[in-house]
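In: Take a look and give me a structure for this.
(chains A and B)
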Amino acid sequence: MDSNRFKLLLLGGAIRLYFSQTSLASLIGNRVEFATPLNSFKRLQEGVFLLQQGVDPYSGDLVHESPLLLKALSYILINCAQVLPLLYILFDLCTATLLYLLSNTFVKQKLQQQKGECKEYAKDTEELQYNDEDKSTIPELVLLAYLFNPLTIMSCIGLTSTVLSNFLLALILYSMVKRQLLISIVVLAFETVRSLYPFVLIAPLILLFARRSIPMAIAIFMIFVTSCFAVAGANFLIMNSWNYLDGTLGFIFYFRDLQPNIGLFWYFFTEMFEHFRTMFLITFQLNATVLYLVPLSLKLRKEPLLLATVLIALMAVFRAYPSLGDVGFYLALLPLWRRCWKFMAHGFVVFAFFLITLSLMGAFWHLWIYAGSANANFYFGATLAFSTGQIFLITDLLFAHVKREFCLYNGQKIMIDGEEARILLE
Amino acid sequence: MVCYSNKTLTVPANFCLPNGLWKQEPVKMGLLSDPSISTHNKLVDSLAKHMRKLCYVFYTAGVVWFMCLALPEFNHGTYLSENALSPGLVYPEIRIDSNRLALQLLEELQRERKEHQSTTPHAWILGKFNEFGLETYIHNYTLRYPFGGGKEFHGKNIYGILRAPRIGSTEGIVFSAPYRPPSSVHDDISASVPVLLTFAEFARRKNYWAKDLVFLVTEQEQLGMQAWLEAYHDGDKKYDTSSSYLVPGNLPARAGALQAAVNIEVEDLEIDYVDVKIEGLNGKLPNLDMFNLVQRIMAREGVTSGYKQAPRKKRRTNYSTYEQNLRQMLAMLSAQTSGVPSGNHGLFHRYRIDALTISAAKRVTNSNVKSNPSSAAVPFLKAIEGISRSLNNLLERFHQSFFFYLIVHNDRYVSIGDYMPALVALIACGFVKAYLIWSTLDAPEHTSQQDADTNPPAVYLKLTLPYGSVLIYLTVSVVIGYMGNVLPLQKYLISLPIGAGPLTVAMLMAINLAGFALPFFLVLPFGGLELLHISLLLIYSCALIVIGLLNFALGFFVAVLSMPMIVALDPNTTNVTLRGLARLWTLLLNPVVVIYAVVLVLTFYQFPELAFQQLLLRAATAAMDAVTFALIDSVIYGNWLYFVACTVFFPLWIACWTLALGRRGDNTISKTKLKTN
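Out: Below is the predicted model of the structure:
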């Protein structure tokens, strides 16, 4: 990393530090778009207090942070609470650095891979291939996209634990790209026990590390399961009770808190007849986890990192308690697929969607909660549109990838009888 | 969502060449799964050629849709959706003796008023409240007028609580009457307090109240009401009062959570008609049920009442129903635009209390309707009783009916779902134009096949746009605009020996000058203008849609006024006349110019007898006052018009001005003062 990157990191840190000192910080910390029951700082404080009082924090329905982290943060919060924002900023900068390093390695690997395949490529596809310039531009774009995305900045100054999740996810991806199997599995296990959904990332790990070898795949899976149990055991040792499982994973799975957020769960589960709850719970959780896992893994088996990106993005859309910090994280991964961007037709539309829906969310929330003149439907409409925008983006990325693959081998201009041909999907 | 999984996954994209795959006839394609590899959409290209026409079609559609709303096919008859209100279910019990009491109280008050030319006869009101057996309290508040040179103004509200006999004090209804001293410049409404007292005396004798009734007499117009409401809701909070302008203090006693409020303004006991005022702070409205309730009960008691009711004229106007409806709608929107409440009720809205003002106008003496002064006010008192009985029945806050509506006629309304499309169509121009500009950014017009090959591909061009510079440029404009909020209130500027009006206007002028000069100092690098144009369109449209949601009238009028200019704006035009016209148009839409123009038109209608020069001068002073009042409104009452004008509209205007000037940094002679990121 040269000095330029350090400057960017410093600037990103300075922006975060500045805003964490303003009144914006507490405002964001209370916004439902950023702080969900799962990641809000208030709940963490509650947990630390309960822990201090010798009360099991998970016996109530307020605290949903995993015991290991709760314990670690409680030391900091009790002894030197004022450095906590700094710590979160540091974590965020580490995430940015990890993303930078991982994209660096990723581009190098891509170039290497291209060297082997370039004979098969069609002639006019230079702009679809990764080139030397990308070695510097793509990591820089990733860094910029993470450091200066308002969503990640806000999420960081609001002290949401999404900052930690993002750090762990970045660590998983980084160790994945660096081919560090054990680290990635252990971190993944840790994050899985914390927030359930990331377990789908085992698919790209298996695809990457156990190419075509089924015993290897099973072995990796077993290691993952074992480390999950190990992490759970470690958590148990800290709390001396299994209560926390219900407080964290159970809380996520059963979707007990109907507080509005940017996701799709809350409105549906508020409106639904209670006796259908189990069925829809399973349906929604399947949708958030395994529904897309198998088909995507089949389609993207050669691109584990893209698979991981798409899975993380889908997670951010469909999980039970999504926050805008999650969205900010996967947005930062998009520059990795810069060579697909040519085919991403909806980029502008998605951007406009994000802009409108995010500003509408603020307005509707104000009208609903403070002015009392609008109602939940207005707000849900905005969040639904936001989710739709995200789906547009993810679909666009997948299609762009498919098109790029096709064009890479078949050329960009396909002429039939002197006219440009249309391509159909069959 | 499902579509995506179907098309990409379960039916994997078989991009292979076998026969049957290449077809040349147009095929239906999905929005998300368009398999064409060409990034160029012919439809977009052809639309881009007719961009302006397309935008003007949208614009016209929006305006026409709005005009249509006045047609009876497009609006609906009002109805009461809250069953608990059941208006008119009980017989009114107020009798003629109450009218006698009101007359007597009015006479006493008139005597008091002779001694209190510019103050409120607190002792008399207090005495009456006590006499009727209410829990009576005084509320003191202090105003530190920002331009008053550190002077403090004190005020007193008097209120009496009638505790609900049926329930603990959990809920309450407010009946308020503003008191105006004889020296006030506003209309004389001295009968309000006697009417309020009469009703209080009547209510005291009844035992059916399920909610606390609060009878409130405020002074100094909206200031007293604002102070009382702040004290009622936040008075117990200890916060730093040194920086706030209005120090509400605390209340000695409270009733329950306020459910509704009725503000009563009565000019005289002999009532000609009742005007129901509903516009609140920032254009908020009370629930439509409440307006309907008042209308129903007034009709039942035979009192002429309506929204923006005017005295019956001798000669009938020859407007058609459609024209009347349209006028009514426009009048309502213009009243909402400024965000200034049309009466004391408007301040309740921000505490989620539905409220309206019943303003009764004096009967003109030579009217041909004969009335008996000893029973003149009985129907009106009965109506107030009926309204209070209905409100007393409320089981929960108003929530059933609409909060967003336009009143087309006294018994017809347009709901948000019907009027929003007009605004959306107007704003769609901005988004459509932004999209078309963006998608044709990389396509220089009419390039041949060879040119296309040599041109840099799309992705590169869009990536090399100077995002950083444009971001900095926009930030600078916002900061300049934001100064308009901060500068006039600075201590060292206030201490200068000039009045509030000139000071504020001087500050605004300075800011305007800075905005005017900004494009001459900061020249955007190559491609910056295009990017600025796109961001302007996006931000402008987004801001308008948010503003339109919070205050439809403001968003709509601003859109109608400025959208044609935004659509016509084109920094790439080579035609000198067009460019000159665009600059002129932009200058005319400068917020300060617009404010002046609006005030000028209003002045012209108010004083048609003035000569042109006098008119201009008078409008200038009036505009100066208007700006100052807007600023004071924003710091004391929380009206955000001034803030929005400074922080949203003005920066956007700077961007427009930059585009209209069209000064661009060249690639070769780079004069950029900004560093690209």
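
In: Over to residue B:355: give its phi and psi.
Out: Per-residue torsions, residue B:355: phi -150, psi 150 (degrees, to the nearest 10).

In: Am I right that residue B:532 is in contact with residue B:525?
Out: No - in this structure, residue B:532 is not within contact of residue B:525 by C-beta atoms under 8 Å, at 10.8 Å. C-beta coordinates here come from the backbone N, C-alpha and C atoms, glycine included.

In: Which residue ranges of the stretch 301-450 of chain B form helices?
Out: B:321-337, B:378-393, B:416-439, B:449-454 (DSSP state H, counting those that start in this stretch).

In: and what of the stretch 151-300 of chain A?
Out: Going by DSSP H, counting those that start in this stretch, the stretch 151-300 of chain A shows helices at A:162-177, A:181-195, A:202-209, A:214-239, A:243-245, A:251-254, A:265-271, A:277-288, A:293-299.

In: Only the buried residues of the last one, if you could.
Out: To tie it back to what came earlier, the one meant is helix A:293-299. Counting neighbours by 16 or more other C-beta atoms under 10 Å in any protein chain shown, one finds that the buried residues in helix A:293-299 are A:293, A:296-297, A:299.

In: With adjacent residues omitted, what lies nearest to residue 63?
Out: Assuming you mean chain A. residue A:47 (3.6 Å; C-beta to C-beta, 6 or more residues apart in numbering or on different chains).

In: that's the other chain; I wanted chain B
Out: Per C-beta to C-beta, 6+ apart, closest to residue B:63 is residue B:560, 6.6 Å.

In: any idea which helix or strand of chain B has the worst average confidence?
Out: Ranked by mean pLDDT, DSSP states H and E, the weakest helix or strand in chain B is helix B:2-4, scoring a mean of 35.

In: coming back round to it: highest average neighbour count across the helices of the stretch 151-300 of chain A?
Out: helix A:162-177 (a mean of 25; mean count of other C-beta atoms under 10 Å in any protein chain shown).

In: For that one, give the mean pLDDT please.
Out: The average pLDDT within helix A:162-177 is 94.

In: chain center to it, what's the gap?
Out: On the basis of C-alpha atoms, centre = their mean, to the nearest Å, helix A:162-177 sits 9 Å off its chain's mean C-alpha point.

In: Would you mind putting the CA coordinates of it into PDB?
Out: Extracted in PDB, the C-alpha atoms of helix A:162-177 (Å, rounded to 0.1, in the frame of the first residue of the first chain):
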ATOM      1  CA  THR A 162     -22.600  -4.400  11.600                       C
ATOM      2  CA  VAL A 163     -19.100  -2.900  11.600                       C
ATOM      3  CA  LEU A 164     -17.900  -6.000  13.300                       C
ATOM      4  CA  SER A 165     -19.900  -8.300  10.900                       C
ATOM      5  CA  ASN A 166     -18.400  -6.500   8.000                       C
ATOM      6  CA  PHE A 167     -15.000  -6.900   9.400                       C
ATOM      7  CA  LEU A 168     -15.500 -10.600   9.800                       C
ATOM      8  CA  LEU A 169     -16.900 -11.000   6.400                       C
ATOM      9  CA  ALA A 170     -14.000  -9.100   4.900                       C
ATOM     10  CA  LEU A 171     -11.700 -11.400   6.800                       C
ATOM     11  CA  ILE A 172     -13.400 -14.500   5.400                       C
ATOM     12  CA  LEU A 173     -13.200 -13.200   1.900                       C
ATOM     13  CA  TYR A 174      -9.600 -12.200   2.300                       C
ATOM     14  CA  SER A 175      -8.500 -15.500   3.700                       C
ATOM     15  CA  MET A 176     -10.500 -17.100   0.900                       C
ATOM     16  CA  VAL A 177      -8.700 -15.300  -1.800                       C
END
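
In: Pretty sure residue B:464 sits against residue B:525.
Out: No - the pair residue B:464 and residue B:525 does not pass the contact test of C-beta under 8 Å, sitting 10.1 Å apart.

In: Looking at the two, which is more packed in?
Out: Shown here are residue B:464 and residue B:525; by other C-beta atoms under 10 Å in any protein chain shown, residue B:525 has more neighbours (23 against 12).

In: That one touches residue B:469, doesn't it?
Out: Yes - using C-beta under 8 Å, residue B:525 makes contact with residue B:469 at a distance of 5.7 Å.

In: What residue in the stretch 201-350 of chain A comes nearest to chain B?
Out: Here the residue of the stretch 201-350 of chain A nearest chain B is residue A:295; by C-beta to the nearest C-beta that distance is 3.4 Å.

In: tell me the centre residue of chain B?
Out: Geometric centre of chain B, nearest residue: residue B:283, 3.1 Å, by C-alpha atoms, centre = their mean.

In: ok, now how distant is that residue from residue A:194?
Out: Distance, residue B:283 to residue A:194, using C-beta to C-beta, to the nearest Å: 46 Å.
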